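Asks: Give the three-dimensional model of this entry:
(chains A and B, ligands or ions: 2)
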Amino acid sequence: MKILVCISKTPDTTSKISFVNNGKEFNSEGIQYIMNPYDEWYALVRAVELKEKNGGSVTVINVGDVSSEIVIRKALAIGADDAIRVDVSPESSLQVAKEIAAHASGYDLVLTGKETIDYNGAEVGAMLAELLDLPYVSFAFKLEKEGDNWLVSREVEGGTETLKVGGPIVLSAAKGMAEQRIPNMQGIMMAKKKPLNVVASIGAEKGSVVASHEMPPAKSGVKMIAPDDMDTLVKLLHEEAKVI
Amino acid sequence: MSVLIAVEPVNGTINKGGFELATFARLTADQLGTEANALVLGNASNAGELGKYGIHTVHTLQHPNLEVFDSQVYSKVIAQAAKQLGANIVVVRHTANGKSILGRLAILMSADAVSGVNAAPQAGSVFTVSKSVYSGKAIAHYQLSSNTKVLSLMGNALQPQFLGQEVNPQAISLEVGNPKLQLVSRETETGHVPLPEAEKVVSAGRGMKGPENWGIVEELAAALGATTACSRPVADTGWRPHHEHVGQTGVAIRPNLYIAIGISGAIQHLAGVNNSKTIVVINKDPEAPFFKAADYGVVGDLFEVVPRLTEAVKKFKNA
Ligand SMILES: Cc1cc2nc3c(=O)[nH]c(=O)nc-3n(C[C@H](O)[C@H](O)[C@H](O)COP(=O)(O)OP(=O)(O)OC[C@H]3O[C@@H](n4cnc5c(N)ncnc54)[C@H](O)[C@@H]3O)c2cc1C
Ligand SMILES: Nc1ncnc2c1ncn2[C@@H]1O[C@H](COP(=O)(O)O)[C@@H](O)[C@H]1O
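Replies: Numbering: from 1, shown residues only, chains lettered A, B, ... in the order given. Ligands and ions are numbered 1, 2, ... in the order given. Presented below is the predicted three-dimensional model:
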């Protein structure tokens, strides 16, 4: 079984976000980058588990410049066998999907995270599936191999559903799919020897890109209410906030 | 040139999310001086009501192949309808299914795509929409120059508005492909509004001490007609079901009212809830970071404050 996992690099969740150049560019100064949690904890770990159970290989792919290599090495330390880095700075989901599609044929399973925690797009997986002309199952929280079929459970509005599908698929992984794995010393040592292939970009078109950013309006400050005066809180929620 | 919304009924009816979509489409169409139409995929008893929210023509399509949601089948149908109806802007909801359609449509229609749009397009010469990014820490504006555009609309981003009258839905005939996905089972959660759609949410964290204490949270939620949620450690330790976990790695929500009980307000928790319109924080620690993100704060022991709040809500409702 050949599995491809798409991994992206995102600012650490505790990062303070700011922009430069009139809100056009993200200010990366002092930002710590991590592997997108959905890609790492759910997509990658499940891929490695499936390989451990059924044999085969796990390849990770990242569209990004050389600064992504730190997260790629981490993915190799967690258990991926080899890696591809498409050498271009990602600017849009369309560009990323097209760059990945150029290297994504021949896999039995292509996994993405549910979404990146920076632009929260949840777009790349569906685009990739369309480019590869494959079925797509989004927000999967359970994935099993059953004979020639995949058995997948996913979150839908107002519940969950379980689906069966044969042949290669693209799937986005959500919470529940696997448990986070901390790479051990042996994994980290082995990761250094695993192949990381840097390939040139195909120069994919970008489509819509962000024109500018702004910060959300600041809260006007918290109003404190005495713990024994809940009638006042209810009154404020009704008359001032108009939410009840 | 027109705007088309693709609506997927949930359990045989179009819900509030569908009417938000209709309102968004109409506001967009008004700006562009065009018309907003709808394609309803599957059976919905209230399809005609989309007219009330500003939809000109409601096209309905029923087909056995639509019974399982296969994004490949759905996207091809929607792209076909857009072509047939001359629509250059297609809008879907920002739900699990909507997001699966959006990316595919972007490719199929060679369209510019933006997911999770949070307000009607800004007036101006260039088509500009915005969305919340970095888990609510910033807002990004996208300018779309391509003639065809596909958007997904964030739930609760705008209130449905009456902009028209009920219409008679019309059946449309489109080619529907064979799904490759096979439905094995479907489990519906009943009894409460699912979190992403909830207008009021009562959420609790580790300050609750244990799952046996959740009764007071449920009573407050029941009094308010709210959905319950929790912080991540609470779901991870099995005190509450996983689907209640809100935050960066859980569900992102934007209710009108979010009440946080015994939750410290870690940045990863805030990431999923800071788009809520009004936030109430109940915590015994006046230094809890959550107070900085709150509109109303109560410093006190939750085991005393929460039952008192429930009583006050009941008193208000009965008055
Ligand atoms: C990558 C990453 C992703 C994460 N994603 C999420 C996420 O999606 N969602 C999430 O919630 N967390 C997430 N976390 C975890 C997050 O950092 C916090 O650890 C977590 O939110 C804390 O949960 P809590 O507030 O319930 O518990 P605590 O931080 O332990 O807070 C408990 C609070 O209860 C108060 N309290 C205690 N007793 C009482 C009482 N009797 N009356 C009133 N108040 C009381 C305390 O003062 C305290 O403020 C993530 C962490 C990481 C690293
Ligand atoms: N630059 C990238 N390189 C590789 N994979 C990516 C990249 N950006 C996004 N992805 C994958 O696509 C998923 C969804 O991303 P997005 O559509 O940006 O929310 C992520 O969880 C990753 O699995």
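Asks: Count the neighbours of B:P286 for me.
Replies: When counting by other CB atoms under 10 Å in any protein chain shown, one arrives at 10 neighbours for B:P286. Heads up, the C-betas are built off the backbone N, CA and C, glycines and all.
Asks: Please apply the same query to B:L174.
Replies: Residues near B:L174, counting by other CB under 10 Å: 17.
Asks: same question, A:N54
Replies: A:N54: 11 neighbours (other CB under 10 Å).
Asks: correct me, but it touches A:I3?
Replies: No - using CB atoms under 8 Å as the test, A:N54 is too far from A:I3 to be in contact (9.7 Å).
Asks: Now for those two: what residues contact both?
Replies: With contacts taken as CB atoms under 8 Å, 6 or more residues apart in numbering or on different chains, not a single residue reaches both A:N54 and A:I3.
Asks: Geometrically speaking, which residue is the centre of chain A?
Replies: Taking CA atoms, centre = their mean, the centroid of chain A lies closest to A:G113, which sits 3.3 Å from it.
Asks: Now that one: closest residue in space, sequence neighbours ignored.
Replies: Closest residue to A:G113 apart from its sequence neighbours, by CB to CB, 6 or more residues apart in numbering or on different chains: A:Y38 at 2.9 Å.
Asks: Assumed the one you found was part of a helix.
Replies: Yes - counting by DSSP: H, G, I helix; E, B strand; the rest coil, A:Y38 falls inside a helix.
Asks: Please tell me the pLDDT value assigned to it.
Replies: Note on A:Y38: pLDDT of 95.
Asks: how near is the residue nearest to the centre of chain A to B:I282?
Replies: 33 Å (CB to CB, to the nearest Å).
Asks: Please apply the same query to B:L257.
Replies: In terms of CB to CB, B:L257 sits 13 Å off from B:I282.
Asks: Neighbour count: the two, which is higher?
Replies: Using other CB under 10 Å as the criterion, B:L257 and B:I282 rank with B:I282 on top: 29 against 23.
Asks: Please verify my assumption that the more buried one contacts B:G300.
Replies: Yes - here B:I282 reaches B:G300: they are 6.9 Å apart, a contact under CB under 8 Å.
Asks: Pull the contacting residues for residue 45.
Replies: Defaulting to chain A. A:I78, A:G79, A:M177, A:A178, A:E179, A:Q180, A:R181.
Asks: other chain: chain B
Replies: B:S45 neighbours (CB under 8 Å, 6+ apart): B:G12, B:T13.
Asks: do B:I107 as well
Replies: By CB under 8 Å, 6+ apart, the residues touching B:I107 are A:A97, A:M127, A:E130, A:L131.
Asks: which stretches of the stretch 51-200 of chain B have low pLDDT?
Replies: B:190-192 (pLDDT under 70).
Asks: Without its sequence neighbours, what residue ends up closest to residue 75?
Replies: Since you didn't name a chain, this refers to chain A. A:V60 (4.5 Å).
Asks: should've been chain B
Replies: Looking at B:S75 with CB to CB, 6+ apart, the closest residue is B:R104, at 3.8 Å.
Asks: That neighbour and A:G125 touch, don't they?
Replies: No - B:R104 is not in contact with A:G125 according to CB under 8 Å; the separation is 9.9 Å.
Asks: Now list whatever residues contact both of these two.
Replies: A:Y136.
Asks: what helix or strand is B:A82 on?
Replies: Using DSSP states H and E, B:A82 sits within helix B:71-85.
Asks: Return the residues in contact with B:P233.
Replies: B:G205, B:R206.
Asks: what about it, is that helix, strand or coil?
Replies: helix.
Asks: if I look at it, how far off is B:I279?
Replies: Distance, B:P233 to B:I279, using CB to CB: 20 Å.
Asks: now B:N65
Replies: From B:N65 over to B:I279 the distance is 44 Å, taken as CB to CB.
Asks: ditto for B:L105
Replies: Going from B:L105 to B:I279 by CB to CB gives 35 Å.
Asks: Measure how buried B:Q165 is and give me the count.
Replies: B:Q165: 10 neighbours (other CB under 10 Å).
Asks: quick one, what contacts the closest residue to it other than its chain neighbours?
Replies: For B:Q165, ignoring the flanking residues on the chain, the nearest one in space by CB to CB, 6+ apart is B:G51 at 5.5 Å. By CB under 8 Å, 6+ apart, the contact set of B:G51 is B:V58, B:G164, B:Q165, B:E166, B:V167.
Asks: do A:H238 as well
Replies: Contacts of A:H238 by CB under 8 Å, 6+ apart are A:I244, B:F316.
Asks: what comes up buried for the one helix or strand it maps to?
Replies: Using DSSP H and E, A:H238 falls within helix A:230-239. For helix A:230-239, the neighbour count (16 or more other CB atoms under 10 Å in any protein chain shown) marks A:M230, A:D231, A:L233, A:V234, A:L236, A:L237 as buried.
Asks: so the second one touches B:K315, yeah?
Replies: Spelled out, that is A:D231. Yes - with contact defined as CB under 8 Å, A:D231 and B:K315 form a contacting pair (7.2 Å).
Asks: can you give me the helices in chain A?
Replies: Ranges of helices in chain A, per DSSP state H, are A:37, A:45-54, A:69-78, A:93-101, A:124-132, A:185-191, A:230-239.
Asks: Adding distance to B:V193 as columns, could you present those in JSON lines?
Replies: Putting the helices of chain A into JSON lines (distance: least, CB to CB, whole Å) gives the following:
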{"stretch": "helix A:37", "distance to B:V193": "27"}
{"stretch": "helix A:45-54", "distance to B:V193": "30"}
{"stretch": "helix A:69-78", "distance to B:V193": "38"}
{"stretch": "helix A:93-101", "distance to B:V193": "30"}
{"stretch": "helix A:124-132", "distance to B:V193": "26"}
{"stretch": "helix A:185-191", "distance to B:V193": "44"}
{"stretch": "helix A:230-239", "distance to B:V193": "18"}
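Asks: Buried residues, whatever helix or strand B:G17 lives in. List them.
Replies: Taking DSSP H and E as the definition, B:G17 sits inside helix B:16-32. Going by neighbour count (16+ other CB under 10 Å), the buried part of helix B:16-32 is B:17-29.
Asks: Tabulate the residues you listed (JSON lines), appending distance to B:F69 and pLDDT.
Replies: As requested, those are exported to JSON lines (distance: CB to CB, whole Å; pLDDT from 0 to 100):
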{"residue": "B:G17", "distance to B:F69": "15", "pLDDT": "92"}
{"residue": "B:G18", "distance to B:F69": "15", "pLDDT": "96"}
{"residue": "B:F19", "distance to B:F69": "21", "pLDDT": "97"}
{"residue": "B:E20", "distance to B:F69": "20", "pLDDT": "95"}
{"residue": "B:L21", "distance to B:F69": "17", "pLDDT": "97"}
{"residue": "B:A22", "distance to B:F69": "21", "pLDDT": "98"}
{"residue": "B:T23", "distance to B:F69": "24", "pLDDT": "97"}
{"residue": "B:F24", "distance to B:F69": "22", "pLDDT": "98"}
{"residue": "B:A25", "distance to B:F69": "21", "pLDDT": "98"}
{"residue": "B:R26", "distance to B:F69": "26", "pLDDT": "97"}
{"residue": "B:L27", "distance to B:F69": "28", "pLDDT": "96"}
{"residue": "B:T28", "distance to B:F69": "25", "pLDDT": "97"}
{"residue": "B:A29", "distance to B:F69": "27", "pLDDT": "97"}
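Asks: Greatest separation within those: which pair is it?
Replies: Pairwise distances across the buried residues of helix B:16-32 (CB to CB) peak at 18.7 Å, for the pair B:G17 and B:A29.
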